[in-house]
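Colleague: Sequence and predicted structure, then a few things I'm wondering about:
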Amino acid sequence: MTENWTKASIPSFITLIRDKVQNYAKFDQQFKAMKNDGIKLATSFLGKSSSFSDTTTSTSSTTSIDVNLEKQLQSWKDNPIWTDPSPEIQVTVPKGSLCNLNVKVNVGLPPDAIYNIVTDPDNKRVFKNIEEVVSRRVLIDEGHRQVVELEQTALWRFLWWSGTITVHVLVDQNRKDYTMKFKQVKTGFMKRFEGCWKLEPLFVDEKVCYPFVPKNMEDYISCTRGKGRIGSKVSLEQLIQPALVPPPPISWYLRGITTKTTEMLITDLIEEASRIRSDYGSLNEDNVAPIDDCNLLKGKHDIKERWASRRRKRRRGFIV
């Protein structure tokens, strides 16, 4: 009896395994076909500026970025549902430093839009802790990458105390890998002040691709047929080391000030992203964006031109 059951179950088991393999092969074949069919869509959606080509000129790259961003924002217009998560802030104290801050948060806008906000010369309107931009010079401009010398006065608040601090840094910003590295120019009260913004694409509607798991942007756009929303994984890491690290409790207060200032920075970024989603979702039939967003989403991506334009307007009395 047992022997007969075993003989009967072996073919059933083999059949089950064969069906599983055939189903997997069928799914794999469908995915490859869908990916091949979606390459043209993905290329159009992403634009050649998104690390597919290293030979595009600055002008053509700007055009690609504009088209890319508009198409990605259209997905958010079609489905604006998003809940802003709280940022994760980790504070460590390396030996000889005041603190090392590591912040991570998911933001409901594509990396290109977040990059535009952070690198915009006029982002004082976004980040409330920037009191004044003292000077800004573009030292290197390679299209996707710029090196900028920046000096600005920043506000800080902690408990019932507040004040200002002058920051003079070199910023190396690169749209190709969505990084913005900054480092202090001259040592003084601060011996070291350096860090890095980094943006990565977030596949918001990844579940639509089930049972497939998109491994990259091209896979994601292909399996969602260009309808999937793209958000950003935002991370900010910065190291702060005074020339002389004060003893407790002063060091505790300074660490609290630094943490609170960074938290304000991230909160302002999240609020600006929420405002842009709201504004973009309420465009009129002519697709006219609010004036403040024209440069951010559709206009001048050349930093030198934007800054020169700002100086011209200031001389004419348009900016106070």
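Modeller: That came through fine.
Colleague: what about the closest residue to residue 140 other than its chain neighbours, distance to residue 241?
Modeller: With C-beta to C-beta, 6 or more residues apart in numbering as the criterion, residue 140 has its nearest non-adjacent residue at 3.9 Å, and that residue is residue 147. C-beta: built from backbone N, CA, C; applies to glycine. Distance from residue 147 to residue 241, counting by C-beta to C-beta, to the nearest Å: 23 Å.
Colleague: for residue 197, same thing?
Modeller: To residue 241, residue 197 is 19 Å away according to C-beta to C-beta.
Colleague: One more: residue 274?
Modeller: Taking C-beta to C-beta, one finds residue 274 at 34 Å from residue 241.
Colleague: Kindly report the same for residue 107.
Modeller: In terms of C-beta to C-beta, residue 107 sits 28 Å off from residue 241.
Colleague: Can you show me the helices along the stretch 51-200 of the chain?
Modeller: Using DSSP state H, counting those that start in this stretch, the helices found in the stretch 51-200 of the chain span residues 58-78, 111-119.
Colleague: comparing those, which gets the lowest mean pLDDT score?
Modeller: Least confidently modelled of the helices of the stretch 51-200 of the chain is helix 58-78, at a mean of 68 by mean pLDDT.
Colleague: Could you list the low-confidence segments of the protein?
Modeller: 1-67, 157-162, 280-320 (pLDDT under 70).
Colleague: returning to what we had before: which of residue 274 and residue 241 has more neighbours?
Modeller: More crowded of residue 274 and residue 241, by other C-beta atoms under 10 Å: residue 241, with 19 against 16.
Colleague: What strand or helix carries the more buried one?
Modeller: Using DSSP states H and E, residue 241 falls within strand 230-242.
Colleague: ok, that strand: who's next to it in the sheet?
Modeller: Strand 230-242 has the following strand partners under DSSP bridges: strand 99-107 (antiparallel), strand 190-203 (antiparallel).
Colleague: of the ones you listed, which approaches residue 132 most closely?
Modeller: Evaluated over the strands paired with strand 230-242, closeness to residue 132 peaks at strand 190-203, with 18.0 Å, by C-beta to C-beta.
Colleague: what residues does the closest one touch?
Modeller: For strand 190-203, contacts defined as C-beta atoms under 8 Å, 6 or more residues apart in numbering pick out 97, 101, 106, 110-111, 114-115, 118, 167, 169, 178-184, 214, 217, 220, 228, 230-243.
Colleague: What residues sit buried inside it?
Modeller: 190, 191, 192, 193, 194, 195, 197, 198, 199, 201, 202, 203 (16 or more other C-beta atoms under 10 Å).
Colleague: quick one, strands of the stretch 101-250 of the chain?
Modeller: Assigned by DSSP state E, counting those that start in this stretch, the strands in the stretch 101-250 of the chain fall at 130-141, 145-158, 161-174, 179-184, 190-203, 230-242.
Colleague: Burial-wise, tell me which of the ones you listed comes out on top.
Modeller: Comparing the strands of the stretch 101-250 of the chain by mean neighbour count (mean count of other C-beta atoms under 10 Å), strand 230-242 comes out on top with a mean of 20.
Colleague: tilt between that one and helix 111-119?
Modeller: 30 degrees (axes from the mean of the first three to the mean of the last three C-alpha atoms, to 10 degrees).
Colleague: so what secondary structure elements neighbour the next helix or strand after strand 230-242?
Modeller: Counting by DSSP H and E, the next helix or strand C-terminal to strand 230-242 is helix 250-281. The contact analysis (3 or more C-beta pairs under 8 Å, 6 or more residues apart in numbering; DSSP states H and E) places helix 250-281 against helix 58-78, strand 88-92, strand 99-107, helix 111-119, strand 145-158, strand 230-242, helix 291-293.
Colleague: With distance to residue 132 as added columns, please give the buried residues of strand 190-203 in a markdown table.
Modeller: Shown next, in a markdown table, are the buried residues of strand 190-203 (distance: C-beta to C-beta, whole Å):
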| residue | distance to residue 132 |
| --- | --- |
| 190 | 18 |
| 191 | 24 |
| 192 | 24 |
| 193 | 18 |
| 194 | 22 |
| 195 | 21 |
| 197 | 21 |
| 198 | 27 |
| 199 | 26 |
| 201 | 34 |
| 202 | 33 |
| 203 | 39 |
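Colleague: what's the neighbour count on residue 88?
Modeller: Neighbourhood size, residue 88 [other C-beta under 10 Å]: 12.
Colleague: just the one 4 residues further on next, same as before
Modeller: The burial metric for residue 92, expressed as a neighbour count using other C-beta under 10 Å, is 10.
Colleague: cool, and the one 4 residues further on?
Modeller: Counted by other C-beta under 10 Å, the residues lying close to residue 96 total 10.
Colleague: Okay, the residue nearest to residue 127 when sequence neighbours are not counted and residue 195: tell me how far apart.
Modeller: Among residues not flanking residue 127 along the chain, residue 268 sits closest, at 4.9 Å (C-beta to C-beta, 6+ apart). Residue 268 sits 17 Å away from residue 195, going by C-beta to C-beta.
Colleague: How about residue 89?
Modeller: Counting by C-beta to C-beta, the gap from residue 89 to residue 195 is 13 Å.
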